[in-house]
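Enquirer: sequence unavailable; structure follows:
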């Protein structure tokens, strides 16, 4: 069985790779979050099909976790494969602390 693995806990270090027959083939990418999707697509081109997606949902950096979980949720729906062993539904991110989103001061 082949699974796509996505881990984006740290903001500057993303791990993307394939888990084939319980043997990890994980690549470390030290780039910005916009590069993670291109790396995921490179991994997907290496195989004909995947049996599921494994994503680390946290805890971690707010933006990094949100990016990795979003990509995993979208790909699982598009490819119609299970995500973290769940055949339906979405994975929700787990953050280190509550998001601190403020409005711009006027």
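Expert: Structure's in. What do you need? Since the structure is predicted, the reported quantities are computational estimates derived from the model, not experimental observations. Numbers count the residues shown, from 1 in each chain.
Enquirer: so residue 15, which of the three states?
Expert: Classification of residue 15 by DSSP: H, G, I helix; E, B strand; the rest coil places it in strand.
Enquirer: how about the strands in the protein?
Expert: Counting by DSSP state E, the chain has strands at residues 2-10, 13-20, 23-29, 52-55.
Enquirer: least reliable of these going by mean pLDDT?
Expert: Ranked by mean pLDDT, the strands of the chain end with strand 23-29 at the bottom, a mean of 75.
Enquirer: tell me the helices and strands packed up against that strand.
Expert: Identification of packing neighbours for strand 23-29 by 3 or more Cβ pairs under 8 Å, 6 or more residues apart in numbering; DSSP states H and E yields strand 13-20, helix 36-44. Any C-beta I mention is one placed from the backbone N, CA and C, and that applies to glycine too.
Enquirer: wait, which of the ones you listed is closest to residue 58?
Expert: strand 13-20 (14.0 Å; Cβ to Cβ).
Enquirer: now stretch 72-88: average pLDDT?
Expert: 79.
Enquirer: report the distance from that stretch to the chain centre.
Expert: Its chain's C-alpha centre and that of stretch 72-88 lie 11 Å apart, by Cα atoms, centre = their mean, to the nearest Å.
Enquirer: show me the contact partners of it.
Expert: With Cβ atoms under 8 Å, 6 or more residues apart in numbering as the test, stretch 72-88 has contacts from 4, 6, 40, 50-55, 57, 89-91.
Enquirer: of those residues, which is the nearest to residue 66?
Expert: residue 57 (10.2 Å).
Enquirer: give me the buried positions along stretch 73-93.
Expert: Using 16 or more other Cβ atoms under 10 Å as the burial criterion, the residues of stretch 73-93 that qualify are 73, 75, 76, 81, 82, 83, 84, 91, 93.
Enquirer: helices - which of those land there?
Expert: Among the buried residues of stretch 73-93, DSSP state H puts 73, 75, 76 in helices.
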